[in-house]
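Asks: Could you work out the structure for the sequence below:
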Amino acid sequence: MPPGSTLWLLLHELRLSYRAVALQKGGRLRLVILGAALAAFTVFGGVPLAKVLAPARITPSPLLLMSFDLAIVVTFTLILSQTLSSAVSSFYERGDLDLLLSSPLPPRRVLTVKAVGVATTPFLWFALFLTPVVVPMALLGQPQWLADYVILAAIALLAAAAGLSLAMALFRSIGARRTKTVGQLLAAVIGATIFLISQSRYLMHDNGAHLLGGVGRWAMSGVFAPNAPLAWPARAVMGEPLPLLVFAAVSLAIFGSVTVGLGRRFAGDAAAAAGASVQTAKASNRAVTAKSFGGGVFSTLVRKELRLLIRDPMLLSQVLLRTLYVVPLTFVMIKSGAHDPATGLVSQIRLASLAGAITFMAGQVAGSLAWITISAEDAPELLACAPVDGALVRRAKLTATMIPVAVLLTLPLLVLIWLSPWAGACAAFGVAASAVSSGLVNLWFEKPAPRKAFRNRRDGSVVGAIAEIVLGLGWAATTGIAAAGQPWALASAGLTLVIMGVLYGVSNPDRAY
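Replies: Modelled structure (predicted):
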């Protein structure tokens, strides 16, 4: 591997990725725990399952082949969501990109290495899920299932090529400044697409039975016959040599064509991304006027935090991904509005469950927003020396956290109130309590960190992360029980409040909130 070659750069990229995990706080311990969990799943789950499945010989029926093809599509979609997000981030989170592009290396080589690096992380995560089953199956007499690693690598390369192509297409169509936001949002939408499609049956009067019947008839029509073109990817998953070789060769060809074709534009787009933040800062400075500070300190701080939330593409993508799952819940609630012909009543148990689910989701969304408004501060010394009461600043940050939660969950709450005023009122109370609890936990266990550390926000306080989940479950249970009309909701609410009191005492806050 001569210095500067593609393999040399790739090895260096993998070494940096390993160091980023192993050298961070608790990184080696996490790797040990991950290895132990993988071994436990393999021994206690994968090996018994392999002993049952290994003697069987799978017959490639049309339905089975269609299922394998669908698994490939789902895996590609999930990996594409990650690769698109990583491809967009690589333009803005520079790292060593400036150094590589200013070296005598051709941009195509740099793009190839970055693309492989983008594909590596999702490949490793999905490979971890495969290992507890595939390796025991291979050791117990069916080594052809090891071909799934080849298929997974080919899918990851295809997704990396597609993610880079989408990112650079966004650069050309909407500009560098908008690509950072739109790319992250698009990645979140792609990641939730399969889930949303799978839940679309709630819009159908027969829960999708007619659609599923049509899919079954299509599978038996001959398009998934063993020798049909659509069956070749599935046969590759099953380890057949020729389909496997063709699938891998086509993936490599597409990946190589994309990196070669986009290599010339890569340096220019990277330079445009580097200048986008500078242009944005200059434009923002020109827009500041005395009116921007009108309305008092509290309202000014709230507007400032809301503006920072809107400008953060990574946060927007994470929040959007979570709120997208509210859509199927809304479909379920709308369908639950149909009265039971026998009783003429809406299913109270189902509505109570949905009210609890919305309550828990509100706490999780509020936790993400609260962390970045309370703990993620790039200039904490500026606020510390400002002539402003610290408690006022924290109340403003907490208020800014609650506003997006209220906006995002207004529609499902209105639908629930329309279906059942009592269940809707309980859900509104639960949403407010869960969101405020998550915000207070972030205040009590505040761990300042730069805003760019959003992905690693849980490194700060393990107790705070666990507390958010516990309180969210507590308020969800309280809401569900109350919506069902049971008096035990008071006991559940009391227990949740006691837990909050204990957490407040454990945090030992020295500030008034």
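Asks: For the helix or strand residue 430 falls within, give the mean pLDDT please.
Replies: For residue 430, the element it lies in under DSSP states H and E is helix 421-444. What helix 421-444 shows for mean pLDDT is 89.
Asks: Shouldn't residue 2 be within a helix?
Replies: No - looking at residue 2 with DSSP: H, G, I helix; E, B strand; the rest coil, it is coil, so not inside a helix.
Asks: Give me the spatial nearest neighbour of it, chain neighbours excluded.
Replies: Using C-beta to C-beta, 6 or more residues apart in numbering and skipping the chain neighbours, the partner closest in space to residue 2 is residue 8 (6.5 Å). The way it works is simple: take the backbone N, C-alpha and C, and place the C-beta from them, glycine included.
Asks: can you give me the helices in the stretch 151-300 of the chain?
Replies: Along the stretch 151-300 of the chain, counting by DSSP state H, counting those that start in this stretch, helices occupy 176-199, 209-218, 232-237, 241-287, 296-311.
Asks: Pick out the shakiest of these, pLDDT-wise.
Replies: Among these, helix 209-218 scores lowest, with a mean of 65.
Asks: domain assignment for the chain?
Replies: Taking automatic domain parsing as the criterion, the chain consists of the domains 58-280, 300-507.
Asks: Columns distance to residue 18 on top of these, output as a markdown table?
Replies: Listed next are these as a markdown table, based on distance: least, C-beta to C-beta, whole Å:
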| stretch | distance to residue 18 |
| --- | --- |
| domain 58-280 | 10 |
| domain 300-507 | 16 |
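Asks: a markdown table for those, including mean neighbour count and distance to residue 43?
Replies: Shown next, in a markdown table, are these (neighbours: other C-beta atoms under 10 Å; distance: least, C-beta to C-beta, whole Å):
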| stretch | mean neighbour count | distance to residue 43 |
| --- | --- | --- |
| domain 58-280 | 18 | 9 |
| domain 300-507 | 19 | 27 |
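Asks: before we move on, the earlier item: residues near the residue nearest to residue 2, how many?
Replies: For residue 8, the number of neighbouring residues by other C-beta atoms under 10 Å comes to 13.
Asks: before we move on, what SS does it have?
Replies: Under three-state DSSP, residue 8 comes out as helix.
Asks: ok, so what distance separates it from residue 126?
Replies: Distance check for residue 8 against residue 126: by C-beta to C-beta, to the nearest Å, it reads 27 Å.
Asks: Likewise for residue 311?
Replies: Following C-beta to C-beta, the distance that separates residue 311 from residue 126 is 32 Å.
Asks: and what of residue 420?
Replies: Distance, residue 420 to residue 126, using C-beta to C-beta: 41 Å.
Asks: Check which helix or strand residue 485 maps to.
Replies: Assigned by DSSP H and E, residue 485 falls within no helix or strand.
Asks: Please look at it and residue 422 and confirm they touch.
Replies: Yes - with contact defined as C-beta atoms under 8 Å, residue 485 reaches residue 422; the gap is 7.4 Å.
Asks: just the helices in the stretch 301-450 of the chain please.
Replies: Assigned by DSSP H, counting those that start in this stretch, the stretch 301-450 of the chain shows helices spanning 313-324, 326-336, 348-370, 380-384, 390-408, 410-419, 421-444.
Asks: By mean pLDDT, show me the worst of the ones you listed.
Replies: Across the helices of the stretch 301-450 of the chain, helix 326-336 has the smallest mean pLDDT, namely a mean of 59.
Asks: Residue 505 versus residue 148, what's the distance?
Replies: As judged by C-beta to C-beta, residue 148 and residue 505 stand 51 Å apart.
Asks: Run through the stretch 51-200 of the chain and note the low-pLDDT ranges.
Replies: 91-96, 98, 176-177, 191-192, 195-196, 198-200 (pLDDT under 70).
Asks: okay, the angle between the helix holding residue 430 and helix 348-370?
Replies: On the basis of axes from the mean of the first three to the mean of the last three C-alpha atoms, to 10 degrees, helix 421-444 is oriented at 30 degrees to helix 348-370.
Asks: Next secondary structure after helix 421-444?
Replies: Next element after helix 421-444 (DSSP H and E): helix 462-483.
Asks: Looking at that following helix now, give me its mean pLDDT.
Replies: Averaged over helix 462-483, pLDDT sits at 86.
Asks: Please state the offset of that helix from the chain centre?
Replies: Once both centres are worked out by C-alpha atoms, centre = their mean, to the nearest Å, helix 462-483 turns out to sit 21 Å from its chain's centre.
Asks: which ones are touching the nearest residue to residue 41 once chain neighbours are set aside?
Replies: In space, and not counting its chain neighbours, residue 41 is closest to residue 132: 4.1 Å by C-beta to C-beta, 6+ apart. By C-beta atoms under 8 Å, 6 or more residues apart in numbering, the contact set of residue 132 is 38, 41-42, 45-46.
Asks: can you state the direction angle for the helix or strand containing residue 494 and helix 462-483?
Replies: Residue 494 is part of helix 489-507, with elements assigned from DSSP H and E. Angle, helix 489-507 to helix 462-483, by the same axes, to 10 degrees: 170 degrees.
Asks: Just the CA coordinates for helix 489-507, please, in PDB.
Replies: Extracted C-alpha coordinates of helix 489-507, given in PDB (Å, rounded to 0.1, in the frame of the first residue of the first chain):
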ATOM      1  CA  ALA A 489     -54.400   6.900  37.800                       C
ATOM      2  CA  LEU A 490     -54.000   8.900  41.000                       C
ATOM      3  CA  ALA A 491     -51.700   6.300  42.500                       C
ATOM      4  CA  SER A 492     -49.600   6.200  39.300                       C
ATOM      5  CA  ALA A 493     -49.400  10.000  39.200                       C
ATOM      6  CA  GLY A 494     -48.400  10.100  42.900                       C
ATOM      7  CA  LEU A 495     -45.600   7.600  42.300                       C
ATOM      8  CA  THR A 496     -44.300   9.500  39.300                       C
ATOM      9  CA  LEU A 497     -44.200  12.700  41.400                       C
ATOM     10  CA  VAL A 498     -42.400  10.900  44.100                       C
ATOM     11  CA  ILE A 499     -39.800   9.700  41.600                       C
ATOM     12  CA  MET A 500     -39.400  13.300  40.400                       C
ATOM     13  CA  GLY A 501     -38.900  14.400  44.000                       C
ATOM     14  CA  VAL A 502     -36.200  11.800  44.500                       C
ATOM     15  CA  LEU A 503     -34.400  12.800  41.300                       C
ATOM     16  CA  TYR A 504     -34.600  16.500  42.400                       C
ATOM     17  CA  GLY A 505     -32.900  15.500  45.600                       C
ATOM     18  CA  VAL A 506     -30.300  13.400  44.000                       C
ATOM     19  CA  SER A 507     -29.300  16.100  41.500                       C
END
